[in-house]
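Asker: how does the following fold in three dimensions:
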Amino acid sequence: MAPTRSRVSICIGSPFSFPAAETASRAAKAMLTTRVAMNIRDSRGQWYGREKNPPCSGDQSPLHRITESRLRYSGYHGHVEQTTSARDEERRPRAERRDSIRNRERIISAAQALFTSEGLDAPMDKIVTAAGVSPGTLYRHFPSRVQLWEAVLDQPLHAALELVERAIANPDRWAGVAEFIMATCALEAERGGYLNLMTTRFDGSPQLVELRGRIQRRIEELFERAREEGAIRPDFTVEDLIFITLSNSRVAEVTRTVAPGAWRRNAELFLDSIRPERAHPLSQPAMRPSQVARTMMRPPTGRTRSSTAEKST
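Answerer: Next comes the predicted model:
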């Protein structure tokens with residue numbers, strides 16, 4: 001179709017005009033070699049491009065799929081309307097997903113630190129502040145506190161399970177026990193949180209209760225095999241390990257700034273005491289699991305029942 005006017009209006013963002021045919025020709029030639037994300041309509045209302053019926057016009061929302069076209073210099077006179085390309089639409093959700101993933105990771109990291117220092121009942125507003133997100137963002141990712149527990153504690157519990165599985169797989173029973181005990185003491189001394197994992201009540205989360213139960217059963221299996229093969233003293237129990245770990249964590253806490261490695265000596269002395277050749281009769285039997293539960297199983301705040309009662313009095 002031959003041009004019928006001497007002016008070409010090209011609207012990209014905001015309209016601008018080329019008042020002379022020569023200027024219009026120069027502009028059209030410059031754009032001829034460029035693929036542009038736009039729909040093209042001539043003066044009769046005909047659309048140029050790969051689709052005869054474009055998804056929207058210039059007075060509608062630009063958020064739609066592109067009709068990709070070349071400016072036609074020869075025989076074209078009309079109006080060019082900018083649209084949003086499919087690639088732009090694809091980039092936006094990807095960017096939003098990346099932001100969402102980053103926010104989730106920041107929430108989990110902040111919650112992990114606060115759960116370790118303050119217990120599983122750490123205030124949610126502190127987690128929001130530490131993560132640098134809004135309350136709405138936190139609750140969009142984790143509608144309940146239990147869901148946040150599960151997101152934060154699943155990995156540490158699986159790491160603890162991996163420790164005991166590796167110890168069981170060691171054909172040298174003594175080496176397996178020693179490796180496991182030193183690893184758990186190191187976790188508590190250097191990072192904290194292991195005792196909380198093993199002694200906190202996970203009310204409302206069967207998933208965490210079941211996972212911890214698997215860990216406890218495998219630890220018992222590790223010690224049972226070692227006892228049967230004479231690698232450790234016959235009266236050593238899982239309950240003994242809990243209190244040894246507790247005492248060693250206290251050693252690490254009070255010596256951290258003065259002698260950071262003192263807890264290792266304490267743990268090694270303990271290991272030496274459970275060798276069968278060093279065994280001497282003990283004055284007291286090991287505590288029963290029910291006694292340990294009454295003593296150690298903590299509410300979500302991470303405090304023992306006795307400490308809570310003492311505070312209230």
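
Asker: ok, the nearest residue to Glu165 once chain neighbours are set aside to Tyr139 distance?
Answerer: Among residues not flanking Glu165 along the chain, Arg218 sits closest, at 6.6 Å (Cβ to Cβ, 6 or more residues apart in numbering). C-beta: built from backbone N, CA, C; applies to glycine. Noted for Arg218: a distance of 35 Å to Tyr139, by Cβ to Cβ, to the nearest Å.

Asker: quick one: which of those two has more around it?
Answerer: Applying other Cβ atoms under 10 Å to Arg218 and Tyr139 shows that Arg218 carries more neighbours, namely 17 against 14.

Asker: could you pull out the buried residues of the host helix or strand of the more buried one?
Answerer: Under the criterion of DSSP states H and E, Arg218 resides in helix 206-228. Using 16 or more other Cβ atoms under 10 Å as the test for burial, helix 206-228 gives Leu208, Leu211, Arg212, Ile215, Arg218, Ile219, Leu222, Phe223, Arg225, Ala226, Arg227.

Asker: isn't the fourth one up against Glu162?
Answerer: Read that as Ile215. No. With contact defined as Cβ atoms under 8 Å, Ile215 does not reach Glu162; the gap is 9.8 Å.

Asker: and Asp157, what pLDDT?
Answerer: Careful, residue 157 is Leu; it's not Asp. pLDDT, Leu157: 92.

Asker: ah, wrong one, I meant Ala178
Answerer: So, for Ala178, pLDDT stands at 96.

Asker: that one: what's it in contact with?
Answerer: Ala178 is in contact with Leu271, counting by Cβ atoms under 8 Å, 6 or more residues apart in numbering.

Asker: for it, give me phi and psi.
Answerer: Main-chain torsions, Ala178, degrees, to the nearest 10: phi -60, psi -40.

Asker: and it, how far is that from Asp235?
Answerer: Ala178 is 18 Å from Asp235, by Cβ to Cβ.

Asker: quick one, what contacts Asn103?
Answerer: Applying Cβ under 8 Å, 6+ apart to Asn103 gives the contacts Ala131, Val133, Thr137, His141.

Asker: now swap in Gly132 and tell me
Answerer: Contacts of Gly132 by Cβ under 8 Å, 6+ apart are Arg106.

Asker: roughly how far does it sit from Thr237?
Answerer: 45 Å.

Asker: do Ala286 as well
Answerer: According to Cβ to Cβ, Ala286 and Thr237 sit 4 Å apart.

Asker: what's the pLDDT at Glu229?
Answerer: Looking at Glu229, the pLDDT reads 94.

Asker: wait, it touches Arg173, no?
Answerer: Yes. The criterion here is Cβ under 8 Å, and Glu229 meets it with Arg173 at 4.9 Å.

Asker: neighbour-wise, which of the two wins?
Answerer: Arg173 (20 against 12).

Asker: now the terminal residues of stretch 169-178, how far apart.
Answerer: Start and end residues of stretch 169-178 are separated by 13 Å (Cα to Cα, to the nearest Å).

Asker: give the buried residues for it.
Answerer: Residues of stretch 169-178 classed as buried: Arg173, Trp174, Gly176, Val177, Ala178 (neighbour count, 16+ other Cβ under 10 Å).

Asker: any chance of those in a markdown table, with distance to Gly261 too?
Answerer: Shown next, in a markdown table, are those (distance: Cβ to Cβ, whole Å):
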| residue | distance to Gly261 |
| --- | --- |
| Arg173 | 27 |
| Trp174 | 23 |
| Gly176 | 23 |
| Val177 | 21 |
| Ala178 | 17 |
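
Asker: mind checking how far His185 is from Leu269?
Answerer: Not His; residue 185 is Cys. Distance from Cys185 to Leu269, by Cβ to Cβ: 11 Å.

Asker: more crowded one of those two?
Answerer: In this view Cys185 and Leu269 are compared by other Cβ under 10 Å, and Cys185 has more residues nearby, 25 against 10.

Asker: just to be sure, that one is in a helix?
Answerer: Yes. When classified by DSSP: H, G, I helix; E, B strand; the rest coil, Cys185 is found to be part of a helix.
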